[in-house]
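*Asks:* structure of the sequence below:
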Amino acid sequence: MKWKKLGKIFDPTEHVLPNGCREFAQSPQALVFDDFVRIYFSTRQVDKTGKYLSHPAFVEMAKDFSKVLRVSDKTVLDLGGLGSFDEHGIFPLNVFKHEGRVFGYISGWSRRVSVSVETAIGLSESHDGGLTFERIGAGPILAASLDEPFLVGDPFVAFHAGQYHMWYIYGTQWADYDHDQGAQRVYKIGHAVSGNGINWQKEGRQLIADVLGPDECQALPTVIKLSGRYHMYFCYRQAADFRKNRDRGYRLGYAYSDDLASWTRDDGKAGIDVSATGWDSDMMCYPHLFESGGQVYILYNGNEFGKYGFGLAILENED
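*Replies:* You can find the predicted model right below:
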């Protein structure tokens, strides 16, 4: 794979965002229309306790990504109610259009006491073309289970070979590497299938091999089928000391499959890496693959986990 970087295309600090959000445009996800591309992202509000709440918002861009046409000016999807799995954040909102319906798969966050968060996956649907979404029930459709005990989130849904596929992450442990930093989570990429997009059957296995050892953290899988082969991008990092240490922060990983069952990891063929300087020089994370106008693109965040926006690259060569 060979990608050409097109640079950072959206900076949230240059726009007025709904819910009083400032900074952060994380996990960009595209929904392509005839005349524009709408890109959903998660942005942050500071609540009365001084902690973050993560809200979905969107920006609409010209098909050539040269200019911003519109930024959402109202709530795309409310956070969940008191005690709900998505009470404190939605990050990301994976928007999936199928047979004329627009669904939003919710990666919901809620705060905990002994560790920082728990996550689960819910489902919403839009009845106005993706401007706003309504939940299909208040509870999650995929959550922690016997063999996946923590942190089920980061859904990416697609329809292949007559059924729905979801790639997601699940936590394997919380570990206290450094008492000053608090417990850190370790998570891997899993896979589930469904006949209706609501009821899911987990495979119950780690899909992608580790390259950093058993405590490697893998996040935000995104899959596209090109020339008969499935390509997956995701991000990965060390479990601790990753926020400001460039050598331990997020990078983009790559794997491929010809049957959606067996995946071969080969990060050397990712064809994209951190820049020598600039907005994506310390880390690259939260990738999202999509097609528009006969081209294949990848959205991603850079330094500081997308605090100052996201960028774009175009696929030049599949080999």
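*Asks:* what's the longest strand in this structure?
*Replies:* Ranked by residue count under DSSP state E, the longest strand found in the chain is strand 163-175.
*Asks:* which element follows that one toward the C-terminus?
*Replies:* strand 184-194 (DSSP states H and E).
*Asks:* neighbouring contacts of that next one?
*Replies:* With C-beta atoms under 8 Å, 6 or more residues apart in numbering as the contact definition, strand 184-194 has outside contacts at 115, 142, 148, 150-151, 163-177, 200-208, 214-219, 221, 234, 239-240. Where C-beta positions appear, they are placed from N, C-alpha and C, glycine not excepted.
*Asks:* just the buried residues of the residues you listed.
*Replies:* Applying 16 or more other C-beta atoms under 10 Å to these, the neighbour count classes 115, 142, 148, 150-151, 164-172, 174, 200, 202, 206-208, 216-219, 221, 234, 239-240 as buried.
*Asks:* still on that earlier bit, direction included, what does the longest strand of the chain pair against?
*Replies:* strand 150-160 (antiparallel), strand 184-194 (antiparallel) (DSSP bridges).
*Asks:* using CSV, lay out the ones you listed together with distance to Y256 and mean pLDDT.
*Replies:* Putting these into CSV (distance: least, C-beta to C-beta, whole Å; pLDDT from 0 to 100) gives the following:
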stretch, distance to Y256, mean pLDDT
strand 150-160, 14, 97
strand 184-194, 14, 97
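*Asks:* how about a markdown table for those strands, with distance to W109 added?
*Replies:* Shown next, in a markdown table, are the strands paired with strand 163-175 (distance: least, C-beta to C-beta, whole Å):
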| stretch | distance to W109 |
| --- | --- |
| strand 150-160 | 8 |
| strand 184-194 | 12 |
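*Asks:* could you identify which of those strands is most buried?
*Replies:* Comparing the strands paired with strand 163-175 by mean neighbour count (mean count of other C-beta atoms under 10 Å), strand 150-160 ranks first with a mean of 22.
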